[in-house]
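Requesting a structural model of the entry that follows:
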Amino acid sequence: MKNYTITVNGTVYDVTVEEGGAGSAPVRAAAPVAAPKAAPAAAPKAAAPAAAAGGIEVKASVPGKVFKVEASVGQAVKAGDNIIILEAMKMEIPVVAPEDGTVASINVSVGDAIESGDILATLN
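This is a model prediction of the structure:
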């Protein structure tokens, strides 16, 4: 028998595989095991000054990749205007201004991989 630890979508499983002959290999999986907590990733350097640049944070709602940046620093935007377009699961998802303001900073570039909740831009 061989024991393996397998992680699926962030859930860790201890799996025991019995070695047998003639192509039969019964598999027994134990209940999910608590995954060890990874050390928090260091925040991007641009994130710290960005919070000071503008009072309104524009955050990613989904993980994905920055497909297009439609606004520029200093541009006036109205609530609902597109600021950034994300690509997630082969779909283009607009990230819009939550309220009227002026773009204080753009914290990402085209092609950047982002996670849900990352600060993409700030507004004044």
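
Tell me the confidence at residue 79?
Residue 79 is assigned a predicted lDDT (pLDDT) of 92.

go on, the one 10 residues further on?
pLDDT, residue 89: 89.

from here on, count from 713
Right, with 713 as the first residue, what we last looked at is residue 801.

Now for it: which residues touch it?
The contact partners of residue 801, by CB atoms under 8 Å, 6 or more residues apart in numbering, come to residue 776. Placement of C-beta: from N, CA and C, glycine included.

Do a quick rundown of the strands in the protein.
In the chain, the strands defined using DSSP state E lie at 714-720, 723-729, 739-745, 768-771, 776-781, 788-789, 794-800, 803-808, 813-818, 825-826, 831-835.

Deepest in the core, which of those strands is it.
Burial of those is given as mean neighbour count (mean count of other CB atoms under 10 Å); strand 831-835 ranks first at a mean of 23.

Give the pairing partners of it; include direction for each.
Paired neighbours of strand 831-835 in the sheet (DSSP bridges): strand 768-771 (antiparallel), strand 813-818 (antiparallel).
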